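> just to be clear, the model below is a prediction. Sequence and coordinates:
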Amino acid sequence: MSAHPGGTEATTSASGPRPPMTRFDDIYDLPDPRAFFRALGAWQYQTPHHAQPFFRRLVDVLAADGARGDRAVTVLDICCSYGINAALLNHDLTLQDLYAHYTDPAVARLTTAEVITRDRAYYAARRRPGAARVIGLDVAHHAVDYACAVGLLDAGFCENLETTPPSAALLSATSATRLITVTGGVSFLSPRSFRPFLSDVGKPPWVAAFVLRTGSYQTISHDLESSGLVTEKDVARTYPQRRFTSPQEQQSAIDAVTAAHEDPEGKETDGYFHTALHLSRPAEDIAAIPLAALTRDATDPAAGPREPVQG
């Protein structure tokens, strides 16, 4: 359940068949994220970049909801990895800043303990006022430990809800969740990873997911509907995820997108995996603020981050 910009060679998942993808498994559960940024920078991994302004917009909308008295919006980031979404949500930073930070040659000489000490100060100095409370969930315990140690996560849990029921501690920490986010792991998830946070609650949290076009979100969205959440897909645009690592990976993705009755022209044919944004909310919230308004505001150039570094 780690935030995989790549994937595994398996051809099936909880959400249905998926094409083979390059393995990046060796960088997801290290004591710090330096190798993650070095490896994925080469392939221009950028989903958190696209998610940043949209997640900030959702948090602002939820914080302004007078029907809830939360002092800070609680966000559950599923497949949180090293806390990258939390870093971009709550700090005056862009994904390009993080690539530069972690690939700085001076950082390569540091021990993990020194990186953690450095990063604790780095993030504290850039903390935005009114930051959201972010809970992280991932199967990669080293990554979760790092994100907690540097202050990116208010709490982190290494649990696999695909195979095991959630702990009492996780359910307690997430009881006030207003927004669930996923940017890199939907292909590895089923409704089992969402249900515990939607049952026995008054008004269910919103769920925002960036989903690879090579897979399907249908099983999850149908299950969310049983909890009172209506899923809308942003059909106006797609979002580059990373460059393909080989012609074979590209052709496999083009075939999968075409089989899903989507058009790969100008997207996968141009050399990148692409994601589509899905937002699940109660019907009354959809009526109050259309998805088009949320995406328009979130993609305002004044609010969005700079382009990530090239590989």
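Received it, and whenever you're ready, just let me know what you need.
> the strands in this protein, which residues?
12-13, 16-17, 74-78, 133-138, 155-158, 177-182, 206-212, 230-233, 239-243, 272-281 (DSSP state E).
> make JSON lines out of these and add mean pLDDT and mean neighbour count.
The way it works is simple: take the backbone N, C-alpha and C, and place the C-beta from them, glycine included. Formatted as JSON lines, these follow (pLDDT from 0 to 100; neighbours: other CB atoms under 10 Å):
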{"stretch": "strand 12-13", "mean pLDDT": "42", "mean neighbour count": "14"}
{"stretch": "strand 16-17", "mean pLDDT": "50", "mean neighbour count": "13"}
{"stretch": "strand 74-78", "mean pLDDT": "98", "mean neighbour count": "26"}
{"stretch": "strand 133-138", "mean pLDDT": "98", "mean neighbour count": "26"}
{"stretch": "strand 155-158", "mean pLDDT": "98", "mean neighbour count": "21"}
{"stretch": "strand 177-182", "mean pLDDT": "97", "mean neighbour count": "24"}
{"stretch": "strand 206-212", "mean pLDDT": "98", "mean neighbour count": "24"}
{"stretch": "strand 230-233", "mean pLDDT": "98", "mean neighbour count": "16"}
{"stretch": "strand 239-243", "mean pLDDT": "97", "mean neighbour count": "21"}
{"stretch": "strand 272-281", "mean pLDDT": "98", "mean neighbour count": "23"}
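> for Glu262, which of the ones you listed is the nearest?
Glu262 sits nearest to strand 272-281 of all those, at 8.3 Å, using CB to CB.
> just checking: what are the partner strands of that closest one?
strand 206-212 (antiparallel), strand 230-233 (antiparallel), strand 239-243 (antiparallel) (DSSP bridges).
> name the residue closest to the centre of this protein, please.
Nearest to the mean C-alpha position of the chain, by CA atoms, centre = their mean, lies Thr183 at 2.4 Å.
> quick one: low-confidence ranges for the stretch 51-200 of the chain?
The stretch 51-200 of the chain contains residues with pLDDT under 70 at 66-71.
> go with 80
When residues are selected by pLDDT under 80, those of the stretch 51-200 of the chain lie in 66-71, 199-200.
> show me the helices in it, by range?
84-90, 95-103, 105-108, 112-124, 141-149, 168-173 (DSSP state H, counting those that start in this stretch).
> reformat those as a markdown table; add distance to Ile27.
Output for the helices of the stretch 51-200 of the chain, formatted as a markdown table (distance: least, CB to CB, whole Å):
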| stretch | distance to Ile27 |
| --- | --- |
| helix 84-90 | 13 |
| helix 95-103 | 11 |
| helix 105-108 | 15 |
| helix 112-124 | 14 |
| helix 141-149 | 10 |
| helix 168-173 | 25 |
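> coming back round to it: list the contacts for the residue nearest to the centre of the chain?
3, 47-48, 51, 79, 85, 209-210 (CB atoms under 8 Å, 6 or more residues apart in numbering).
> which pLDDT does the model give Lys203?
Here, the pLDDT recorded for Lys203 equals 87.
> does it touch Ala283 like I think?
No: taking CB atoms under 8 Å as the contact criterion, Lys203 and Ala283 are not neighbours in contact, 11.8 Å apart.
> more crowded one of these two?
The neighbour count for Lys203 versus Ala283, taken as other CB atoms under 10 Å, is higher for Lys203 (13 against 10).
> measure stretch 172-185 end to end?
23 Å (CA to CA, to the nearest Å).
> on that earlier part again, now the strands paired with strand 272-281 as CSV including distance to Phe36?
As requested, the strands paired with strand 272-281 are exported to CSV (distance: least, CB to CB, whole Å):
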stretch, distance to Phe36
strand 206-212, 18
strand 230-233, 29
strand 239-243, 12
